[in-house]
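K.L.:
From the sequence below, what's the structure:
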Amino acid sequence: MSSPAIAPQTESARMHIAPDFAGMELLTARYVHHRFAPHVHDTFVVALIEQGSERFRCRRAEGVANAGSIIVIPPAEVHTGQSGGESGWSYRALYPAPQKLGELMAELRDGDARLPVFDRVVFDDPALFRALQGLHAVLIACRDPLLRSCAWREAMTPLLRHAGVVEPATGREDVAVRRAQELLRADPNGALTLDDLARAVGLSPWHLNRVFSRSVGLPPHALRNQWRLAQAKRLLRGGLSPAEVAASLGFADQSHLHRLFKRAFGVTPGGYIQSKNVQDRIEPFR
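P.N.:
Numbers count the residues shown, from 1 in each chain. Predicted coordinates for the structure are as follows:
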């Protein structure tokens, strides 16, 4: 009897671009035999090792980063990369421009846009790893500008803690939070960005996102989605189809509405319509 065929070890790489983040590149890749020659980027590199391990060498350090590790390399630092074992490695990487990190640093340090300095290359921080994975996924798959900008600050702020950046103290800012809620209610189709909201209420985007989440219990994009879902119920009861509701309320598509609706209410929009129709056919008790 012949031995079973062994599946080939495949390699793949796909690059996405986030135009609203200064053209930030977003790589999703799996490599087995590929070796990166010594090279540099004009951006930061934030790599998330999801499977396997990567062997690297750069000016400050060399070693192996295992699954769950975060690699951070500053601009213009020569580095290499190759598999740290026979099975290769899978990873996601973000390449934020110095300009974007400088803007966030300015929000955190009262206008001081000096770039962060990391004293290590490899970090082990499971919560940050998950947050950066989520940011990577959002920037690839979601067009909602409010969600994108909130996700950026929620993921990158804890990364900057590893560079010794101390977040400023924040108060309640009740007036600003109430005004932001009013603006979000008036913008169900999702035209506002976090920058727009922050300018309107006189806070930095990071400050607004932090005090809003602390005061309301949800970040701005999540609260706006709750209002959208309440409106979705009303429109579904009024006879609109899920596709029409998704389009009228600014959801990315019908599946986006379906996913959020099921998560919030336990039934899909179609199931909600069916329940409503069954209720309508029930003869009132006399």
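
K.L.:
Could you tell me how far the residue lying closest to residue 121 once chain neighbours are set aside is located from residue 30?
P.N.:
Closest residue in space to residue 121, ignoring its immediate chain neighbours: residue 61 at 4.6 Å, by C-beta to C-beta, 6 or more residues apart in numbering. C-betas here are computed from N, CA, C, even on glycine. Residue 61 sits 24 Å away from residue 30, going by C-beta to C-beta, to the nearest Å.

K.L.:
Tell me which of those two has more neighbours.
P.N.:
Ranked by neighbour count (other C-beta atoms under 10 Å), residue 61 and residue 30 place residue 30 first, with 19 against 13.

K.L.:
what are the phi and psi values for that one?
P.N.:
phi -130, psi 130 (degrees, to the nearest 10).

K.L.:
Local confidence estimate at residue 1?
P.N.:
Residue 1 is assigned a predicted lDDT (pLDDT) of 42.

K.L.:
for residue 254, same thing?
P.N.:
pLDDT recorded at residue 254 is 89.

K.L.:
do the same with the one 10 residues further on
P.N.:
Confidence at residue 264, expressed as pLDDT, is 91.

K.L.:
what's the answer for the one 5 residues further on, then?
P.N.:
The pLDDT attached to residue 269 in the predicted structure is 92.

K.L.:
and it, what is it in contact with?
P.N.:
232, 236, 242, 245, 257, 258, 261 (C-beta atoms under 8 Å, 6 or more residues apart in numbering).

K.L.:
go with 6 Å
P.N.:
Counting by C-beta atoms under 6 Å, 6 or more residues apart in numbering, residue 269 touches 236, 242, 261.

K.L.:
Scan these and report the most crowded one.
P.N.:
Counting by other C-beta under 10 Å, top hit in these: residue 261 with 26 neighbours.

K.L.:
Show me which positions of the helix or strand where it lies end up buried.
P.N.:
Secondary structure assignment for residue 261, by DSSP states H and E: helix 254-265. The neighbour-count check on helix 254-265 (16 or more other C-beta atoms under 10 Å) flags 254, 256, 257, 258, 260, 261 as buried.

K.L.:
What of stretch 16-25?
P.N.:
Buried residues in stretch 16-25 (16+ other C-beta under 10 Å): 18, 21, 24, 25.

K.L.:
what's the average pLDDT for it?
P.N.:
96.

K.L.:
from here on, count from 324
P.N.:
With 324 as the first residue, the last one maps to stretch 339-348.

K.L.:
Now tell me what touches that stretch from outside.
P.N.:
With contacts defined as C-beta under 6 Å, 6+ apart, stretch 339-348 is touched by 338, 349, 418, 419, 420, 422, 423, 462, 463.

K.L.:
8 Å instead, please
P.N.:
Here stretch 339-348 makes contact (C-beta under 8 Å, 6+ apart) with 338, 349-351, 366, 416-420, 422-423, 462-463, 468, 471, 475.

K.L.:
Out of the contacts of residue 592, which is nearest to residue 515?
P.N.:
Nearest to residue 515 among the contacts of residue 592 is residue 584, at 21.8 Å by C-beta to C-beta.

K.L.:
so which of the contacts of residue 592 would you say is closest to residue 491?
P.N.:
The closest of these, once distances to residue 491 are taken by C-beta to C-beta, is residue 584, at 37.1 Å.
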